[in-house]
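>>> Give me a model of this one.
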Amino acid sequence: METVKSLTDTVKSLIDIGKSAMDFESVNKKMETLKRKVEVLESKEADITRALNEAESRGSKKRKTEVNTWLGHVANFKNDIQQIEQKVRARGWAIRELLQKDVDRLVNEATELVQNGNFAEGLTVKADERVPLLTTDLVGQEFETNKNTICQRLTSDESSIVGLYGAGGVGKTTMLTHIYNQLLEDFPDTSVYWVTASQQCSNFELRNRIAKKVGLDLSQYDEEKEKVANLAHTLGGRRGIVLILDDVWKCFPAEEVGFPIDVNGFKLILSTRSLEICRKMNCQYPIKVEPLSAEDAWELFLETLGRETSLSPQIEVIARSLVRNCDGLPLGIVTMAGCMKGVDDICEWRNALEAMEESKAAQEDMETKVFRVLKYSYDNLKDTTVQQCFLYCSLFPEDHQIGRDELIEYLIDERLIDEGNSRQAKFDRGHTILNKLENVCLLEGGKFTDSNGRYLKMHDLIRDMAIQLTSVSPRFLVKAGVGLEDIPEDEMWSEDLVRVSFMWNYRLSFPSNASPRCPRLSTLLLNNSWIKSIPDCFFMHMNKLTVLDLSFNMAIESLPSSISNLRSLTALLLRECLNLKYVPSLENLTALRRLDISHTRIAEVPQGIEMLVNLRYLNLEGTPIEKIPDRILSKLCHLEYLWLFNYTVDVGAEELPRSRKLDTFTGHFKDTVELNTYVSSWEDRGPNSYLLVSGDYDPIRVCPDFERSVYLNGGGNSLVLPKDIQLLKIENCDEITCLFCSLENAIHLKVCGISHCKGMKHLFCSSSCCRLPLLQTLQELHLDDLPNLNDLMEGGTSITSTPSNCIFQSLKVFSVIRCHNMKRLFMPWVLSHLQNLETLWVEDCEQMEEIIGEASNEDEDQEATSITSAPSNCIFHSLKYFR
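Here you go, the predicted model:
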C-alpha cells in the first residue's frame with residue numbers, strides 16, 4: 001500500500017507541472033479540491049487498513065467482502081492518478097486539455113470513495129469456523145505413536161521445532177493433516193496455520209504465504225527487515241500458535257522469513273524428504289516417517305479398496321503381491337487400490353501384477369518404485385480423454401488448488417469435453433471425468449475455505465510423473481509458479497510442443513525479437529505473471545494456437561496486432577488485466593468460442609465481434625464499455641454464457657439473443673419495463689443461472705451467493721419476475737402496494753429484501769391471486785424504510801389458501817427496520833408456524849406497539865385452532881437472536 005504522502009505528492013506534482021503551463025487558472029481550483037479529497041481518502045484508507053490488520057491479527061475476525069472491494073476501488077483510483085501524471089509529463093504542451101478532461105471525474109470518484117468508506121456496520125465479520133482438512137485414515141501403530149508424540153511436543157509451553165522427514169509418498173502430509181485436525185479439535189485456543197512451501201518457493205514467497213494466512217498485510221512495509229520483523233511480531237505476539245509447513249525443499253532461515261523461534265509458545269512443524277533440511281532448520285525433534293509394515297500395508301489396501309469387497313483366495317494372493325510391489329509407500333498403495341476398485345476378474349488382477357513386475361528395474365529407489373505404481377494407474381485409465389484431462393492438471397503450479405469449474409472451462413476450450421447440447425451437460429461430463437480421477441486417487445479433492453467451490457490437487461510425485469510423461473508425447477513445457485522472469489530461449493520451444501504453461505510467475509518479460517516456431521502449439525497459459533508487453537512477432541509462428549490465457553496480468557496495456565491472425569483460436573482470456581485498453585480486431589477469429597475481457601479498461605466493444613458466430617461465452621463484466629452497438633448481441637446466436645453486468649451499459653431486451661442454449665446471463669436494464677419484456681420472452685425456458693438488475697443499484701450490495709437473483713431500484717407497480725427466482729431485492733419502487741402478487745409462482749424464493757418503497761402497504765394481499773407457495777421456502781425476509789406499511793397481511797387477516805402448516809415454515813431471519821406505520825408484527829395464528837425462526841430484528845419502528853397482536857373476531861376460530869394445535873414450547877423455540 002502506498003503511503004498518504006506518496007499519492008498526495010503525485011497530485012501536488014500535477015499542480016506544479018500545471019502551474020508552468022499557460023492558462024492553468026481554469027483547473028487550478030479543481031486540482032486543489034482533488035488534493036484535499038485525496039488526503040481525506042488516503043487517511044481513511046490508512047485508518048481502515050490499520051484497523052483490519054489489528055482485528056485480523058487476533059485470528060477471530062476477517063474483513064468483509066464489501067471492505068475488500070472498496071480497497072480495490074481505492075487502488076484503481078490511485079493507479080488512475082499516477083497514469084494521468086505520466087501522461088502530463090509526456091505531453092506537457094497539452095496539459096490543460098488533459099487535466100480539464102480528467103479532473104472532474106477524479107474529484108467525483110474521490111468523493112464517492114470517501115462516502116462509500118463509511119462502513120457503519122463495521123469492517124469485519126467473524127472468521128470462518130475451524131474446518132478440519134479432508135484426509136485418509138492413518139494405518140499402523142507407528143503412525144499413531146508418531147502423531148501422539150508430535151501433538152504432545154506441540155502443546156507444551158516451550159518453543160519447539162518438529163521435523164518430519166521421509167521418502168516421497170510415505171505419508172508425511174497425511175500425518176500432518178491428522179495433527180492439524182487433532183489440534184483443531186482438542187485445543188480450541190490454539191491457532192493452527194497450514195502453509196505449503198513447495199519446491200520452487202522462495203523466502204519472499206513463503207513469507208507472503210504465511211502473512212496471508214495470519215491476516216497480515218506486508219505491502220504497507222517497504223523494507224524487507226520491516227516485513228520480517230512484523231511477521232515475527234505477529235506470530236510471536238499471539239498465544240498458542242502452531243505453524244505447519246508442508247513439503248519443504250530447502251532451508252528457510254528464521255531471520256529471512258520471520259519465524260519467532262526464540263519466543264515461548266511458538267511451534268513450528270515441517271515436512272521434508274531430507275534429514276539435512278531438518279538439521280539446517282534447527283529441528284529439535286526430527287522424526288523419520290517409515291514405510292508401512294506388510295500387514296499395515298495390506299490393511300490400507302483393503303480400506304481403500306472397500307471393506308465390502310470380497311476377494312477370492314486366488315485373487316487375494318495376487319493382491320498381496322501387488323501390495324508388496326508398493327514397498328509400504330501409502331501413496332502407491334492407495335493409488336493401486338483405487339485402480340483395482342470394482343475389479344472381480346482374476347485375469348485383470350494377473351495382468352496388473354504382470355505389468356508391475358515387467359516394469360521393475362534391477363535397482364530402484366523408493367520414488368522409482370512408487371512411480372511404477374502411479375504409471376500403471378495412469379495407463380489403466382484406458383480412456384484417452386480422461387488421460388488428457390489428468391495430464392492437463394500438470395500445467396498448474398505445484399501444490400496449486402485447481403478450481404474444478406476453472407479446469408472444466410479449460411477442458412471445454414480444448415474440446416476435450418465437447419459432449420452434450422448444453423453448457424450444463426458439458427460441466428456434468430467434466431465433473432464425471434474429474435470424479436473418476438479422484439476416485440482412482442490420481443487427484444485429491446477439497447473445498448475452498450472462502451467459497452462454496454471445490455478444488456483438485458496433484459500430489460507432487462503424481463505431478464512429477466505427469467510432467468515426465470509430457471516430456472515425450474504429448475509434449476508440454478511447464479514452468480508454472482517457479483519465479484520465472486524471462487521467457488525461455490527459442491531453443492527450448494521445440495516444434496513438437498503442444499501445450500506451454502508459464503502461469504503464476506513474477507514480472508515475466510519477453511525479448512523484443514522472441515518468435516518461437518511452434519507449429520503444433522495449441523495451448524499457451526501466461527496468466528498471473530505480471531506481463532507488461534508482448535512483442536508483435538511473438539505469435540507469428542503459432543498458427544494452431546487454440547487457447548491463449550493472459551488473465552490477471554495487471555500491467556499489460558495492449559495486445560500485439562498479430563493476435564488477429566490466430567485463426568484457430570477458440571479461447572482468448574483477458575480477465576483482470578486491469579490496465580488493458582486495446583485489443584486488435586477480432587474479425588478473423590471466427591473459431592473463437594470463449595472471450596473474456598472482464599475487469600479490463602477496454603472502453604469499446606472489440607472490433608469485429610459481430611463476426612464471432614461460434615462464440616459460446618462472452619464476459620464484459622467490470623469494463624468501462626458504455627454502449628453495445630445495435631444488433632451485435634442478437635447475431636451471437638450460439639451464446640451459452642453472457643455476462644453484461646458492469647453498471648455502465650444498459651441492455652435492451654430486444655437486443656439480447658433469444659437462444660434457448662443460454663445457460664448463464666447477467667445484465668443491467670435501464671428500467672423494469674425492459675426487464676419485464678426480457679423475462680416475458682423466456683416463456684417456459686430461461687437461463688439456469690441469472691443476475692438481473694434494473695435501475696441504479698449499488699454494485700457492492702449485490703450478493704453472488706445465489707444462482708438466480710433479481711435486483712430492482714425504481715419502477716412501476718407491475719413486475720414480471722422469473723418463476724425460479726431465489727433472491728429478490730427491491731428499492732424505491734413507490735408504486736407497488738402489494739409485492740407478492742408478482743410472486744405467486746415463485747416457489748424457490750429464499751431471500752427477499754424490500755426497502756424505501758413508499759407505496760407498500762402490505763406484503764400479502766387477501767385476494768385469490770396471492771396463493772403464496774413461496775411462503776413455504778422463504779428463509780430470509782428484510783423490510784427497511786417502508787413508511788406506509790401497515791401489516792404483513794392485508795387487513796391483518798390470515799391466509800386460508802395456503803396450508804396452515806406451510807406458512808413461514810422455512811423462515812430463519814426476519815428484520816423490520818424503520819417501518820413507522822406498523823403497530824403489530826405478527827398475528828397469534830402465525831406463531832406456531834415460525835418454528836425455524838432464528839433471528840428477529842425490529843428497530844426504529846415508531847408506532848410499533850406489540851410484536852404479537854390481538855386476534856380479530858373474524859380470525860378467532862383459525863387462531864384458536866392454530867395455537868391450540870401446536871405445543872406451547874414450540875413458539876419461537878429456535879430463536880437465537882432478538883433485538
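
>>> Regarding residue 157, what is its secondary structure?
coil (DSSP: H, G, I helix; E, B strand; the rest coil).

>>> Who are the packing partners of the helix or strand containing residue 295?
In this assignment (DSSP states H and E), residue 295 forms part of helix 294-305. Contact analysis of helix 294-305 by 3 or more C-beta pairs under 8 Å, 6 or more residues apart in numbering; DSSP states H and E lists helix 313-325, helix 330-340 as its packing neighbours. Quick note: C-beta positions are derived from backbone N, CA and C, even for glycine.

>>> Quick one, which of these gets closest to residue 235.
Distance to residue 235, taken as C-beta to C-beta, is lowest for helix 330-340 among these, at 31.4 Å.

>>> and the closest one with helix 313-325, angle?
150 degrees (axes from the mean of the first three to the mean of the last three C-alpha atoms, to 10 degrees).

>>> What lies in contact with helix 330-340?
Helix 330-340 is touched from outside by 136, 139, 168-171, 174, 292, 297, 300-302, 304-305, 319, 322-323, 326, 348-349, 352, 369-370, 373-374, 376-377, 380, 439-442, 459, 461-462, with contacts defined as C-beta atoms under 8 Å, 6 or more residues apart in numbering.

>>> Can you show me the strands along the stretch 301-450 of the chain?
Applying DSSP state E, counting those that start in this stretch to the stretch 301-450 of the chain gives strands spanning 402-403, 444-447.

>>> ignore the last one, the stretch 1-150 of the chain
With DSSP E, counting those that start in this stretch as the criterion, the stretch 1-150 of the chain has strands spanning 61-63, 124-126.

>>> Which of those comes out lowest on mean pLDDT?
With a mean of 64, strand 124-126 has the lowest mean pLDDT of the strands of the stretch 1-150 of the chain.

>>> And for residue 291, the neighbour number?
Number of residues near residue 291 (other C-beta atoms under 10 Å) recorded here: 23.

>>> same check, this time on residue 547
Using other C-beta under 10 Å, residue 547 has 21 other residues around it.

>>> List the contacts of it.
Counting by C-beta under 8 Å, 6+ apart, the residues that residue 547 touches are 410, 413-414, 522-525, 569-571, 573.

>>> And residue 248, by the same measure?
By C-beta under 8 Å, 6+ apart, the contact set of residue 248 is 197, 270-272, 277, 281.

>>> ok so, going back, nearest to residue 46, out of the helices and strands packed on helix 294-305?
Judged by C-beta to C-beta, the one of the helices and strands packed on helix 294-305 that comes nearest to residue 46 is helix 330-340, at 48.5 Å.

>>> Next, the angle from the closest one to helix 294-305.
Going by the same axes, to 10 degrees, helix 330-340 makes 40 degrees with helix 294-305.

>>> Let's test this: mean pLDDT of helix 330-340, rounded?
On average, the pLDDT along helix 330-340 is 90.

>>> now swap in stretch 683-695 and tell me
Mean pLDDT, computed over stretch 683-695, is 86.

>>> Do me a favour and get the end-to-end distance for that stretch?
End-to-end distance of stretch 683-695 (C-alpha to C-alpha, to the nearest Å): 24 Å.
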